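> Everything below, folded, please.
(chains A and B)
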There are 2 protein chains.
Amino acid sequence: MRNFWLNMPTEIFFGRNQIEVLSKQLKKDGVKSVLLAYGHGSIKRSGLYDKIVSILNENSVKITELAGIDPNPRITSVAKGAELCRENKVDLIIAAGAGSVIDCCKAIAAARYYSGDPWDFFIRKTSVKKALPICAILTLAATGSEMNGGCVLTNEETQEKLPMGSVRLKPKFSILDPTYTFTLPKNQTVAGIADITSHVFEQYFSYPEAALQDYMSEAVLKTVIENAPIVLEEPENYDARANIMWAGTVALNGLLELGKDGDWATHMIEHELSAKYDITHGVGLAILTPSWMKKVLDSRNCSKFAKYGRNVWGITEKDDMKAALEAIEKTADFFKSLGLPQKLSEIGIDDSKFEEMAASALKNSRIGTFKELNKEDIVEIYRMSL
Amino acid sequence: MRNFWLNMPTEIFFGRNQIEVLSKQLKKDGVKSVLLAYGHGSIKRSGLYDKIVSILNENSVKITELAGIDPNPRITSVAKGAELCRENKVDLIIAAGAGSVIDCCKAIAAARYYSGDPWDFFIRKTSVKKALPICAILTLAATGSEMNGGCVLTNEETQEKLPMGSVRLKPKFSILDPTYTFTLPKNQTVAGIADITSHVFEQYFSYPEAALQDYMSEAVLKTVIENAPIVLEEPENYDARANIMWAGTVALNGLLELGKDGDWATHMIEHELSAKYDITHGVGLAILTPSWMKKVLDSRNCSKFAKYGRNVWGITEKDDMKAALEAIEKTADFFKSLGLPQKLSEIGIDDSKFEEMAASALKNSRIGTFKELNKEDIVEIYRMSL
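Now for the predicted structure:
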């Protein structure tokens, strides 16, 4: 295990009706003016928007709205949001929605105090020195953004999708009410589940070994795998929704990666797909993950895949390589059982940009720590997923 | 899962030589005067004391010492420590040692701002309104006190040992260097391991069910069970010590109990033993735990013990009750394999105070949520452990 620093400042209010804490939190921090950011209106249809607005009004808090944040949030929303924060002396950003909304708000929180182009944070031209506090009100279990300091934004102009992060961007507090996920369309629920499992894989398949972190990773996977069919069958099963939601948070709040160097190759090569084709991130991950597994599997690391298969899927095969292959098959079957697309061709992607995307993925950093990938490797993973 | 609030403000600096961060932390917070609290000198023998003092001197920080804190820390140390803090305008308490030292410092941190008897916090006559910040420098993996807000103190006069807690008592930051545990006497290492496993049991055997929390509990248990024999065989095996140390923190930093009502019966009835006989807490727990398990096991809850046995010990028995009994046996065998005493009689305790201790345990609260225990039940658990 490597040395690590753990800092989890985000307070979590988890459960039914936890939105009621918002009033107390606003009073505690003396909030006077908020930016209320959301996506394309699902929070209006569900009644959450009215609830938030009514609490803000009761507390005489000025509301500035930023609506229409996209599933792959655009850097153009960030400059606009930052300007709104400056103009309206915003002292808290409320991000009500999925990870995309929260991610966009993180970039806004940082850009509020930066006079240059917000994309500078993503191309490492600057770093986050100061940021507005954020309250995340989560409506989809997926990205884990509600308890971490990372965000991923898309630059339409350059067709890039890049991550950045800072401990200063961890939400001040997040409200996680599983009932908000009861009415999600099935395709969003399952894409979220694919995202959660991928986050675990990125950290589990990494070095050096860390016993508890790995067992905790398996714990998250088992929780998701057992509860996924329940939420598909009974979308309003509270406990199953709660288990998935909390698993999504733990999957990426830092605990699973402590003392390890996460791999993150699948995410990096998926971001190219989302950037070029604007597909759902979780769908891209579900398609690429089994291909990545097959591509990196070798005689040196097959014991890790075998461990995953035995501990998570109950595989009893004694031979490591055979158990590893079985585990990869189980993984693909799981995504299939959720009704997720299995191939890039199913979502209208052909091989015309594979070379370009592989080159782009490698432009800003090396890819893969569990096994480093070169351009040919990445193209092959895309091709295996076709 | 019940609603929960998660608040983990303690920053963790984990790994070799992390003591080096102390200087930066002192500067960041503008610390001018510390209370340096420790036990009976092991930090002097190991060189840790000199290291801390040298960093404090380099930063021109005034040092007030409180030495000699006992393994079952006494409330009498608290009043003395609080007075020292007031006299010397202490702005940070450094607790260098095991959980006992950290626990004592938490009570001091609260008592610093309370003019009454510090025992009032423990008999619920008052609550913690304000507290001094604490830095914990851990030397024994056991209590988890380094990342939670709880403490347990002994009142010699009344022969009581009681817990209290507040989010305000969570250490501001904690330094966890596994190398500090390399030179521990074996009996301390194994008592710590028993304490860690007991913390998990208290939360695992509880209602309502919470999938991820339970799988994470199993993760901690598996980590401890696999690494315990390694640290006994190779006391300076860094990874094994690191795995045990981090498991000890996660076992009681709140994550395993989220949305659940922990049982804590074994702890409550053990505290009576420590209070009356001043035995090592972990030793008491190791002796009582299998008896508690056997006493509460019934046809309604045997599936939970069976789940524990199957997931942690790999028991393949299909019948729940048989698997449960096998799991309890495995648990007792594990403690035995660490060289821990198996019976109260081995540590000089007879049945003369069983009735008195059972009555005392029930004086301040009901005991047990997984199965509530009455006085006769508690006496029987003591008797089964004789």
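
> so after the longest helix anywhere in chain A, what's the next helix or strand?
Longest helix in chain A, counting residues (DSSP state H): helix A:211-233. Using DSSP states H and E, the helix or strand that follows helix A:211-233 in sequence is helix A:238-250.

> Output the contacting helices and strands for that following helix.
Counting contacts by 3 or more C-beta pairs under 8 Å, 6 or more residues apart in numbering or on different chains; DSSP states H and E, helix A:238-250 is packed against strand A:4-14, strand A:173-176, helix A:186-204, helix A:211-233, helix B:211-233. C-beta here means a position set from N, CA and C on the backbone, and glycine is covered the same way.

> What angle do strand B:4-14 and that helix make with each other?
Relative orientation of helix A:238-250 and strand B:4-14, computed by axes from the mean of the first three to the mean of the last three C-alpha atoms, to 10 degrees: 30 degrees.

> quick one: average confidence on helix A:238-250?
Helix A:238-250 shows a mean pLDDT of 98.

> Can you list the buried residues in that helix?
A:239-250 (16 or more other C-beta atoms under 10 Å in any protein chain shown).

> Give me the neighbour count for the closest residue to residue A:253 other than its chain neighbours.
Once flanking residues are discounted, residue A:253 sits nearest to residue A:147: 4.0 Å by C-beta to C-beta, 6 or more residues apart in numbering or on different chains. Neighbour count for residue A:147, taken as other C-beta atoms under 10 Å in any protein chain shown: 28.

> surely residue A:147 meets residue A:11?
No: contact criterion C-beta atoms under 8 Å: residue A:147 and residue A:11 do not qualify, at 9.5 Å.

> thought residue A:121 was touching residue A:111?
Yes: look at residue A:121 against residue A:111 with C-beta under 8 Å: they come within range, at 7.5 Å.

> quick one: common contacting residues for the two?
Counting by C-beta atoms under 8 Å, 6 or more residues apart in numbering or on different chains, no residue touches both residue A:121 and residue A:111.

> Look up phi and psi at the residue nearest to residue A:253.
Per-residue torsions, residue A:147: phi -140, psi 20 (degrees, to the nearest 10).

> if we can go back for a sec, overlap of the contact sets of residue A:147 and residue A:11?
Common neighbours of residue A:147 and residue A:11 (criterion: C-beta under 8 Å, 6+ apart): residue A:174.

> check contacts around the residue most central in space within chain A.
Central residue of chain A (C-alpha atoms, centre = their mean): residue A:143, 2.1 Å from the mean position. In this structure, residue A:143 makes contact with A:98-100, A:102-103, A:192, A:195, A:248, A:252, judged by C-beta under 8 Å, 6+ apart.

> which helices and strands does the helix or strand that contains residue A:295 pack with?
Using DSSP H and E, residue A:295 sits within helix A:281-296. Helices and strands touching helix A:281-296, by 3+ C-beta pairs under 8 Å, 6+ apart, are helix A:186-204, helix A:265-277, helix A:320-337, helix A:375-384.

> Is it possible to get CSV of the ones you listed that adds mean pLDDT?
What follows is the helices and strands packed on helix A:281-296, written out as CSV (pLDDT from 0 to 100):
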stretch, mean pLDDT
helix A:186-204, 98
helix A:265-277, 94
helix A:320-337, 98
helix A:375-384, 98
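
> With respect to residue B:74, which of the ones you listed lies nearest?
helix A:186-204 (43.7 Å; C-beta to C-beta).

> from the chain's centre, how far out does that closest one sit?
8 Å (C-alpha atoms, centre = their mean, to the nearest Å).

> quick one: buried residues of it?
Along helix A:186-204, these residues count as buried under the neighbour rule (16+ other C-beta under 10 Å): A:188-204.

> I'd like the buried residues of helix A:238-250 laid out as JSON lines, including distance to residue B:290.
What follows is the buried residues of helix A:238-250, written out as JSON lines (distance: C-beta to C-beta, whole Å):
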{"residue": "A:239", "distance to residue B:290": "31"}
{"residue": "A:240", "distance to residue B:290": "34"}
{"residue": "A:241", "distance to residue B:290": "37"}
{"residue": "A:242", "distance to residue B:290": "33"}
{"residue": "A:243", "distance to residue B:290": "30"}
{"residue": "A:244", "distance to residue B:290": "35"}
{"residue": "A:245", "distance to residue B:290": "36"}
{"residue": "A:246", "distance to residue B:290": "31"}
{"residue": "A:247", "distance to residue B:290": "32"}
{"residue": "A:248", "distance to residue B:290": "37"}
{"residue": "A:249", "distance to residue B:290": "35"}
{"residue": "A:250", "distance to residue B:290": "31"}
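
> follow-up on the earlier one: now tabulate the helices and strands packed on helix A:281-296 in a markdown table and tack on distance to chain B.
Rendered in a markdown table, the data for the helices and strands packed on helix A:281-296 read as follows (distance: least, C-beta to the nearest C-beta, whole Å):
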| stretch | distance to chain B |
| --- | --- |
| helix A:186-204 | 11 |
| helix A:265-277 | 22 |
| helix A:320-337 | 16 |
| helix A:375-384 | 30 |
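
> a markdown table please, covering the ones you listed and showing distance to residue B:21.
A markdown table is the format used below for those (distance: least, C-beta to C-beta, whole Å):
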| stretch | distance to residue B:21 |
| --- | --- |
| helix A:186-204 | 24 |
| helix A:265-277 | 30 |
| helix A:320-337 | 39 |
| helix A:375-384 | 38 |
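
> ok, now which ones touch the nearest residue to residue A:231 once chain neighbours are set aside?
Nearest non-adjacent residue to residue A:231, counting by C-beta to C-beta, 6+ apart: residue A:240, 4.8 Å away. By C-beta under 8 Å, 6+ apart, the contact set of residue A:240 is A:227, A:230-231, A:234.

> Most neighbours among the residues you listed, which one?
residue A:231 (28 neighbours).

> tell me the mean pLDDT for stretch A:45-64?
Mean predicted lDDT for stretch A:45-64 stands at 97.

> Okay, buried residues for that stretch please.
Residues of stretch A:45-64 classed as buried by neighbour count (16+ other C-beta under 10 Å): A:46, A:48-49, A:51-52, A:55-56, A:59, A:61, A:64.
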